[in-house]
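A.B. asks: sequence plus predicted model, see below.
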Amino acid sequence: MKRKTFLQTSASVIGSSLLPSLSFGEELSKKSIRFAHLTDTHIKPGLIPEAGMAKAFQHVQQLKHGVDFIINGGDSIMDALEADKAKVQTQWDLFHRILKNENSLPIYHCIGNHDVWGWFVKENKPDNDKLYGKAWAMETLEMKNRFYSFSKGKWHFIILDSTQKNPDGGYIGKLDPVQLNWLQQELHEVPASAFICIISHIPVLSICAGLFFDKTEANGDFKIQRNLMHNDFFVLKKIFINYPNIKICISGHIHLQDEVDYLGIRYYCDGAISGNWWKGPFQEFAPAYAVIELYEDGSSKRTMMNYE
């Protein structure tokens, strides 16, 4: 999200418990896949963010019941939208240094809006640079495409690119036509016996998108901006309803936490590693990440982890 304009929030619709360690009892015996979703790290030079990112990844490595892999939900760096090339390079170098030192697990990346370079630069716009836009994030994170999929056991994971440039300025949460066509084909090809987990940076559906500003409009309406939640939700809903094996959608972006069950799909918004952009909790939610359990019967469980 745009830090200046949309400072993200963490509100929980269905109370998210923040636990220092996990105890799953019988659920561990039926566990199929277990992974950590770390999102909105927003790394930048400084003692607090550098120590915070390191501590978050250390916490994942030290979980009593380990995870199989990590999904990085995007906004890995503080901001590339308005930054010059040298500043962006510094942020990515820092991200990779901490990741190399503090993480030994496989990691899959998702592009966040703040990972996109140069869209908001007003002077000396770098739009002719080969790294402009999402190219830099894709190159440095070794992503062959900005959207992709992979399978683990009975589960199929689909990573989306939910940040699209708004011709009138800013960005919009949605899928572009090429990606939408790819998603429809991908869903068609996944066996009905496999369960599907969809990951996007911007939420496909989230109650927190309407709570982000921590107030209502003057007339009492709740406001959901098109850069806070997918504005193509109704398009996606019509697609998703044809695939009952889509079980969960996971996102970040809002820096808030919620859990929404809608038409057989569980939508998780998983807060932020950086909390209030490294200034403590954002609204009611401390810096945190999620541990997701995916079971062989298609069910799931999320546990929010306060790593501090």
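C.D. replies: Yep, that arrived.
A.B. asks: point out where the protein drops to low pLDDT.
C.D. replies: 1-31 (pLDDT under 70).
A.B. asks: the stretch of helix or strand residue 156 belongs to packs against which elements?
C.D. replies: Using DSSP states H and E, the element containing residue 156 is strand 155-159. Judged by 3 or more Cβ pairs under 8 Å, 6 or more residues apart in numbering; DSSP states H and E, strand 155-159 is in contact with strand 107-109, strand 148-152, helix 177-189, strand 195-199. Just so you know, the C-beta spots here come from the backbone N, C-alpha and C atoms, and that holds for glycine as well.
A.B. asks: quick one, helices of the stretch 51-200 of the chain?
C.D. replies: Here the stretch 51-200 of the chain has its helices, by DSSP state H, counting those that start in this stretch, at 85-102, 135-140, 177-189.
A.B. asks: to residue 245, which of those helices lies closest?
C.D. replies: Nearest to residue 245, of all the helices of the stretch 51-200 of the chain, is helix 177-189, at 8.8 Å by Cβ to Cβ.
A.B. asks: picking that back up, partners of the strand holding residue 156, with directions?
C.D. replies: strand 148-152 (antiparallel), strand 195-199 (parallel) (DSSP bridges).
A.B. asks: hang on, the earlier thing: and the helices of the stretch 51-200 of the chain as TSV, adding mean neighbour count and distance to residue 252?
C.D. replies: As requested, the helices of the stretch 51-200 of the chain are exported to TSV (neighbours: other Cβ atoms under 10 Å; distance: least, Cβ to Cβ, whole Å):
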stretch	mean neighbour count	distance to residue 252
helix 85-102	16	16
helix 135-140	19	15
helix 177-189	13	18
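A.B. asks: and the residue nearest the centre of the protein?
C.D. replies: Of all residues in the chain, the one closest to the mean position by Cα atoms, centre = their mean is residue 73, 3.0 Å from it.
A.B. asks: same list (the strands paired with strand 155-159) but as JSON lines, adding distance to residue 96 and mean neighbour count.
C.D. replies: Below are the strands paired with strand 155-159 laid out as JSON lines (distance: least, Cβ to Cβ, whole Å; neighbours: other Cβ atoms under 10 Å):
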{"stretch": "strand 148-152", "distance to residue 96": "20", "mean neighbour count": "15"}
{"stretch": "strand 195-199", "distance to residue 96": "21", "mean neighbour count": "24"}
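A.B. asks: buried stuff in stretch 229-244?
C.D. replies: Neighbour counts over stretch 229-244 (16 or more other Cβ atoms under 10 Å) mark 229-233, 236, 240, 243 as buried.
A.B. asks: can you tell me which of those residues is nearest residue 304?
C.D. replies: Distances from residue 304 to these, taken by Cβ to Cβ, are shortest for residue 229, at 20.0 Å.
A.B. asks: name the nearest residue to the closest one, sequence neighbours excluded.
C.D. replies: residue 209 (3.7 Å; Cβ to Cβ, 6 or more residues apart in numbering).
A.B. asks: what's the answer for residue 275, then?
C.D. replies: In space, residue 275 is closest to residue 287, 3.6 Å off (Cβ to Cβ, 6+ apart).
A.B. asks: and what of residue 235?
C.D. replies: Setting aside the residues directly before and after it, residue 235 is nearest to residue 180 in space (Cβ to Cβ, 6+ apart), at 7.5 Å.
A.B. asks: residue 296 too?
C.D. replies: Here the nearest residue to residue 296 in space, its sequence neighbours aside, is residue 32; by Cβ to Cβ, 6+ apart that works out to 4.3 Å.
A.B. asks: what's the answer for residue 241, then?
C.D. replies: residue 263 (6.2 Å).
A.B. asks: residues contacting that neighbour?
C.D. replies: 237, 240-241 (Cβ atoms under 8 Å, 6 or more residues apart in numbering).
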